[in-house]
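1. what's the 3D shape of this:
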Amino acid sequence: MPELQRLDAGHAPAVLAFELANRAYFAASVPDRGDAFFDRFTDRFDALLAEQDAGVCAFHVLVAEDGSVLGRFNLVDIEDHTAELGYRVAQHVAGRGVATATVRELCRLAVSAYGLRTLRAATVHRNVASRRVLVKAGFVALWQEVEPLGLHALLIEPGSFRTGIETRTRASGEPIGDYAVTAGAFRAIMHKVTPGMFPGDPARAAAVIFEEALSPAPRHRVILGSDAQRRIGVKLDQLREEYEAGKDVALSTDFPGSGEYAML
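-> Next up, the predicted model:
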């Protein structure tokens, strides 16, 4: 049975193996960390442990029975009973409910072990699997599960923000042939974009997140950026259309006359 463990020095070899084995898989949905991350892994790992010792972050790994790492689940930027939740799971366990179950476990730990009251989470729009965990199987259920304990789950859904990533990506070294289909494809796209294609202002977004996190009654979900608002609106319109089209079929599966007595 996999076990969620607080990160320690003994996990270093398994974490490195996890990152190497899944590098191409992760690069398909988020920017690749680059060769420097692996070249200086020991230094970076030690820095993480130092941050954890200082109480700034709380890092965890999901460890299989054979000692391999199945996922990384972290609480970062811990301050004023608030933190940001982040995670990634190995490709061979993706889509099996592992991320959802472990995110829920980590949220319970956030209350019981770390005394947190508010969690933030963000994911890029193209990372559909991660969004599905947070929105459908994760934070929506967690709102009901952990709010009685005093923890508020805040989901941030950002659009495209003007951070200068297109310039940094172009100057991030020579392409690696083995990653041409994943990270290479992302680099090719970034060579064609301009700052004007990123409408979001990071400073304005940060101000909204800060204000929401400090609110005595924060919203469950905050959408940032006109492009994110537009895409979510399109999705809602599609769901409404499917809902109306399938209404008769849904009602036809009830016992005759029993719908009005439904408990939920």
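2. buried ones in the biggest strand by length in the chain?
-> The strand spanning the most residues in the chain, taking DSSP state E as the definition, is strand 69-79. Going by neighbour count (16 or more other C-beta atoms under 10 Å), the buried part of strand 69-79 is 69-76, 78. Glycine gets a C-beta too; all of them are placed from N, C-alpha and C.
3. low-confidence ranges in this structure?
-> Counting by pLDDT under 70, the low-confidence segments of the chain come to 122-151, 165-175, 181-183, 186-187, 190, 259-264.
4. the helix or strand hosting Ile156 pairs with which strands, parallel or anti?
-> Element membership for Ile156 (DSSP states H and E) is strand 152-158. Taking DSSP bridges as the criterion, strand 152-158 forms sheet pairs with strand 118-122 (parallel), strand 221-224 (parallel).
5. then it to PDB, C-alphas only?
-> Written as PDB, here are the backbone C-alpha positions of strand 152-158 (Å, rounded to 0.1, in the frame of the first residue of the first chain):
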ATOM      1  CA  HIS A 152     -10.600  26.700   3.100                       C
ATOM      2  CA  ALA A 153      -9.700  25.300  -0.400                       C
ATOM      3  CA  LEU A 154      -9.100  28.100  -2.900                       C
ATOM      4  CA  LEU A 155      -8.700  27.000  -6.500                       C
ATOM      5  CA  ILE A 156      -7.000  29.500  -8.800                       C
ATOM      6  CA  GLU A 157      -7.700  29.000 -12.600                       C
ATOM      7  CA  PRO A 158      -5.300  31.300 -14.400                       C
END
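6. chain center to it, what's the gap?
-> Chain-centre distance of strand 152-158: 10 Å, with C-alpha atoms, centre = their mean, to the nearest Å.
7. distance from the helix ranked longest in the chain to the middle of the chain?
-> Ranked by number of residues, the top helix in the chain under DSSP state H is helix 226-245. Relative to the centre of its chain, helix 226-245 is centred 22 Å away, using C-alpha atoms, centre = their mean.
8. ok, and for it, which residues are buried?
-> Within helix 226-245, the residues that count as buried by 16+ other C-beta under 10 Å are 227-228.
9. ok, now stretch 57-65?
-> Neighbour counts using 16+ other C-beta under 10 Å place 57-63 of stretch 57-65 among the buried residues.
10. can you show me the CA trace of it as PDB?
-> Presented in PDB, the C-alpha positions along stretch 57-65 are these (Å, rounded to 0.1, in the frame of the first residue of the first chain):
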ATOM      1  CA  CYS A  57       7.400  24.500   3.000                       C
ATOM      2  CA  ALA A  58       6.300  20.900   3.700                       C
ATOM      3  CA  PHE A  59       7.300  18.400   1.100                       C
ATOM      4  CA  HIS A  60       5.900  14.900   0.800                       C
ATOM      5  CA  VAL A  61       6.400  11.800  -1.400                       C
ATOM      6  CA  LEU A  62       4.100   9.000  -2.100                       C
ATOM      7  CA  VAL A  63       6.200   5.900  -1.700                       C
ATOM      8  CA  ALA A  64       5.300   2.400  -3.100                       C
ATOM      9  CA  GLU A  65       6.000  -0.800  -1.200                       C
END
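11. about what we covered before: same list (the strands paired with strand 152-158) but as a markdown table, adding mean neighbour count and distance to Ile209.
-> Compiled in a markdown table, the strands paired with strand 152-158 are given as follows (neighbours: other C-beta atoms under 10 Å; distance: least, C-beta to C-beta, whole Å):
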| stretch | mean neighbour count | distance to Ile209 |
| --- | --- | --- |
| strand 118-122 | 22 | 7 |
| strand 221-224 | 19 | 7 |
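12. of all those strands, which one is nearest Arg230?
-> With C-beta to C-beta as the criterion, Arg230 lies closest to strand 221-224 of the strands paired with strand 152-158, at 9.9 Å.
13. contacts for the closest one?
-> Contact with strand 221-224 is made by 135, 154-159, 161, 200, 205, 208-209, 212, 229, 232, as judged by C-beta atoms under 8 Å, 6 or more residues apart in numbering.
14. repeat the analysis, applying 7 Å as the threshold.
-> Contact partners of strand 221-224, identified using C-beta atoms under 7 Å, 6 or more residues apart in numbering, comprise 154-159, 200, 205, 208-209, 212, 229, 232.
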